[in-house]
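Colleague: For reference, the sequence and a predicted model appear below.
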Amino acid sequence: MKKMTSIFLTSAMLLGSVFAHAKDKHATIPSKVLSARTIYVDNQTNDAELQNDALVGLNKWGRFDIVDSPKKADLVLRLFGSSVVKFVPGSDPAASYNVKPVSANPAAGEELAPPGCTRVTVIEPKSGTALWTEIRKTSNAQEKSRLLEGLHDAVDQQEKNRNK
(Lines give C-alpha, C1' and ligand atoms only; values in the text may rest on other atoms or scores of the structure.)
Protein backbone atom coordinates (compact mmCIF):
# COMPACT_ATOMS: atom_id res chain seq x y z
CA MET A 1 0.00 0.00 0.00
CA LYS A 2 2.88 2.37 0.85
CA LYS A 3 4.48 1.70 -2.53
CA MET A 4 1.21 2.44 -4.38
CA THR A 5 0.72 5.70 -2.46
CA SER A 6 4.30 6.69 -3.19
CA ILE A 7 3.87 6.00 -6.91
CA PHE A 8 0.62 7.99 -6.98
CA LEU A 9 2.20 10.99 -5.21
CA THR A 10 5.24 10.92 -7.48
CA SER A 11 3.01 10.77 -10.57
CA ALA A 12 0.86 13.64 -9.30
CA MET A 13 3.94 15.78 -8.62
CA LEU A 14 5.39 15.06 -12.07
CA LEU A 15 2.11 15.85 -13.83
CA GLY A 16 1.78 19.06 -11.79
CA SER A 17 5.28 20.14 -12.79
CA VAL A 18 4.47 19.43 -16.45
CA PHE A 19 1.43 21.74 -16.26
CA ALA A 20 3.39 24.43 -14.41
CA HIS A 21 6.21 24.23 -16.97
CA ALA A 22 3.73 24.46 -19.84
CA LYS A 23 2.20 27.62 -18.38
CA ASP A 24 5.65 29.24 -18.04
CA LYS A 25 6.59 28.20 -21.55
CA HIS A 26 3.88 30.25 -23.28
CA ALA A 27 4.27 33.49 -21.33
CA THR A 28 5.39 35.36 -24.47
CA ILE A 29 3.81 34.89 -27.87
CA PRO A 30 6.22 35.42 -30.80
CA SER A 31 5.36 38.13 -33.32
CA LYS A 32 5.00 35.45 -36.04
CA VAL A 33 1.93 34.16 -34.21
CA LEU A 34 0.49 37.66 -33.76
CA SER A 35 0.94 38.54 -37.44
CA ALA A 36 -0.28 35.20 -38.86
CA ARG A 37 -3.57 35.09 -40.76
CA THR A 38 -3.89 31.44 -41.80
CA ILE A 39 -3.63 28.22 -39.80
CA TYR A 40 -3.68 24.49 -40.50
CA VAL A 41 -4.75 21.97 -37.84
CA ASP A 42 -2.55 18.85 -37.74
CA ASN A 43 -4.19 16.29 -35.47
CA GLN A 44 -1.60 13.69 -34.41
CA THR A 45 -3.87 12.20 -31.75
CA ASN A 46 -6.16 9.20 -32.03
CA ASP A 47 -9.16 11.41 -31.18
CA ALA A 48 -11.08 12.98 -34.09
CA GLU A 49 -13.15 15.02 -31.61
CA LEU A 50 -10.04 17.01 -30.69
CA GLN A 51 -9.59 18.16 -34.27
CA ASN A 52 -13.25 19.10 -34.43
CA ASP A 53 -12.97 21.01 -31.12
CA ALA A 54 -9.87 22.82 -32.42
CA LEU A 55 -11.66 23.79 -35.64
CA VAL A 56 -14.76 24.96 -33.75
CA GLY A 57 -12.58 26.94 -31.33
CA LEU A 58 -10.67 28.60 -34.18
CA ASN A 59 -13.91 29.47 -35.98
CA LYS A 60 -15.42 31.01 -32.83
CA TRP A 61 -12.24 32.98 -32.17
CA GLY A 62 -12.20 34.29 -35.74
CA ARG A 63 -8.55 35.31 -35.64
CA PHE A 64 -7.28 32.90 -38.31
CA ASP A 65 -8.52 31.59 -41.64
CA ILE A 66 -8.34 27.79 -41.53
CA VAL A 67 -6.63 26.25 -44.57
CA ASP A 68 -6.51 22.66 -45.82
CA SER A 69 -2.75 22.30 -46.16
CA PRO A 70 0.33 23.27 -44.13
CA LYS A 71 1.82 24.70 -47.34
CA LYS A 72 -0.96 27.31 -47.45
CA ALA A 73 -0.65 28.17 -43.75
CA ASP A 74 1.23 30.84 -41.82
CA LEU A 75 1.01 28.55 -38.76
CA VAL A 76 0.36 24.90 -38.00
CA LEU A 77 -1.58 23.97 -34.87
CA ARG A 78 -0.34 20.48 -33.99
CA LEU A 79 -2.18 18.30 -31.49
CA PHE A 80 -0.34 15.43 -29.78
CA GLY A 81 -1.93 13.02 -27.33
CA SER A 82 -0.38 10.22 -25.33
CA SER A 83 -0.04 8.16 -28.52
CA VAL A 84 0.53 8.94 -32.19
CA VAL A 85 -1.57 7.95 -35.16
CA LYS A 86 0.16 7.23 -38.45
CA PHE A 87 -1.91 7.19 -41.64
CA VAL A 88 -1.22 4.11 -43.77
CA PRO A 89 -2.99 4.12 -47.15
CA GLY A 90 -5.02 0.95 -47.72
CA SER A 91 -3.93 0.66 -51.34
CA ASP A 92 -0.21 0.45 -50.50
CA PRO A 93 0.75 -3.28 -50.48
CA ALA A 94 4.10 -2.46 -48.81
CA ALA A 95 2.38 -0.81 -45.84
CA SER A 96 2.25 -2.95 -42.76
CA TYR A 97 1.23 -2.61 -39.15
CA ASN A 98 4.19 -2.23 -36.81
CA VAL A 99 3.43 -3.50 -33.30
CA LYS A 100 6.42 -1.77 -31.70
CA PRO A 101 5.46 0.61 -28.90
CA VAL A 102 5.56 4.30 -29.77
CA SER A 103 8.36 6.25 -28.11
CA ALA A 104 7.67 9.36 -26.06
CA ASN A 105 9.40 11.42 -28.77
CA PRO A 106 7.84 10.92 -32.20
CA ALA A 107 9.79 11.60 -35.37
CA ALA A 108 8.84 15.29 -35.37
CA GLY A 109 10.72 15.67 -32.07
CA GLU A 110 7.56 16.54 -30.14
CA GLU A 111 7.02 15.02 -26.73
CA LEU A 112 3.79 13.14 -26.22
CA ALA A 113 1.31 14.39 -23.65
CA PRO A 114 0.51 12.55 -20.42
CA PRO A 115 -2.59 10.31 -20.51
CA GLY A 116 -5.80 12.37 -20.46
CA CYS A 117 -4.01 15.41 -21.89
CA THR A 118 -3.18 16.95 -25.24
CA ARG A 119 -0.06 18.88 -26.20
CA VAL A 120 -1.07 21.91 -28.28
CA THR A 121 1.84 23.33 -30.28
CA VAL A 122 1.92 26.24 -32.72
CA ILE A 123 4.56 25.64 -35.39
CA GLU A 124 6.07 27.82 -38.10
CA PRO A 125 5.54 25.50 -41.10
CA LYS A 126 8.53 26.48 -43.23
CA SER A 127 11.16 25.93 -40.54
CA GLY A 128 9.26 23.50 -38.31
CA THR A 129 10.08 25.68 -35.31
CA ALA A 130 7.74 25.42 -32.34
CA LEU A 131 6.59 28.95 -31.49
CA TRP A 132 4.31 28.16 -28.55
CA THR A 133 3.24 25.05 -26.68
CA GLU A 134 1.17 23.94 -23.73
CA ILE A 135 -0.40 20.82 -22.31
CA ARG A 136 -4.17 20.89 -21.86
CA LYS A 137 -6.22 18.39 -19.89
CA THR A 138 -8.70 16.87 -22.38
CA SER A 139 -10.11 13.80 -20.68
CA ASN A 140 -13.76 14.90 -20.98
CA ALA A 141 -15.96 16.85 -23.41
CA GLN A 142 -15.98 20.04 -21.32
CA GLU A 143 -12.17 20.13 -21.15
CA LYS A 144 -11.87 19.36 -24.88
CA SER A 145 -14.13 22.31 -25.69
CA ARG A 146 -11.55 24.57 -23.98
CA LEU A 147 -8.62 23.15 -25.97
CA LEU A 148 -7.51 26.54 -27.36
CA GLU A 149 -8.19 28.70 -24.29
CA GLY A 150 -4.51 28.87 -23.37
CA LEU A 151 -3.47 30.05 -26.83
CA HIS A 152 -6.35 32.52 -27.06
CA ASP A 153 -5.58 33.96 -23.60
CA ALA A 154 -1.84 34.18 -24.29
CA VAL A 155 -2.40 36.00 -27.62
CA ASP A 156 -4.90 38.41 -26.04
CA GLN A 157 -2.53 39.16 -23.16
CA GLN A 158 0.40 39.71 -25.50
CA GLU A 159 -1.64 42.12 -27.62
CA LYS A 160 -2.80 44.02 -24.52
CA ASN A 161 0.81 44.41 -23.41
CA ARG A 162 1.90 45.46 -26.90
CA ASN A 163 -0.81 48.13 -27.13
CA LYS A 164 0.09 49.78 -23.81
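Modeller: Cool, got the structure. Worth saying up front: this structure is predicted, and the values here are computed from it rather than measured.
Colleague: pLDDT weak spots in this protein?
Modeller: Applying pLDDT under 70 to the chain flags the ranges 1-27, 83-110.
Colleague: for it, what spans make up the helices?
Modeller: With DSSP state H as the criterion, the chain has helices at 2-25, 31-35, 48-61, 141-144, 149-162.
Colleague: can you state the direction angle for the last one and helix 48-61?
Modeller: Calculated by axes from the mean of the first three to the mean of the last three Cα atoms, to 10 degrees, helix 149-162 forms an angle of 30 degrees with helix 48-61.
Colleague: Can you name the residues in contact with helix 149-162?
Modeller: Contacts to helix 149-162, defined as Cβ atoms under 8 Å, 6 or more residues apart in numbering, come from residues 23, 26-29, 33-34, 57, 61, 63, 77, 120, 122, 132, 134, 136. Yep, even glycine has a C-beta here, placed from its N, CA and C like the rest.
Colleague: now do the third one
Modeller: Taking Cβ under 8 Å, 6+ apart as the criterion, the residues outside helix 48-61 that touch it are 39, 41, 43, 45, 64, 66, 77, 79, 81, 118, 138, 141, 144-145, 147-148, 152.
Colleague: now swap in the shortest one and tell me
Modeller: Residues outside helix 141-144 that contact it (Cβ under 8 Å, 6+ apart): 49-50, 53, 136-138.
Colleague: Now, of the residues you listed, which are buried?
Modeller: The neighbour-count test (16 or more other Cβ atoms under 10 Å) applied to those identifies 50, 53, 136-138 as buried.
Colleague: from the residues you listed, which single one is nearest residue 163?
Modeller: residue 136 (26.8 Å; Cβ to Cβ).
Colleague: For that closest one, which residues are in contact?
Modeller: 117-120, 143, 146-147, 149-150.
Colleague: hmm, back to that, please identify which pair of the contacts of helix 141-144 lies farthest apart.
Modeller: Longest span within the contacts of helix 141-144, Cβ to Cβ: 49 and 137, 14.5 Å.
Colleague: and residue 31, how many neighbours?
Modeller: 11 (other Cβ atoms under 10 Å).
Colleague: any idea how far it is from residue 155?
Modeller: Residue 31 sits 11 Å away from residue 155, going by Cβ to Cβ, to the nearest Å.
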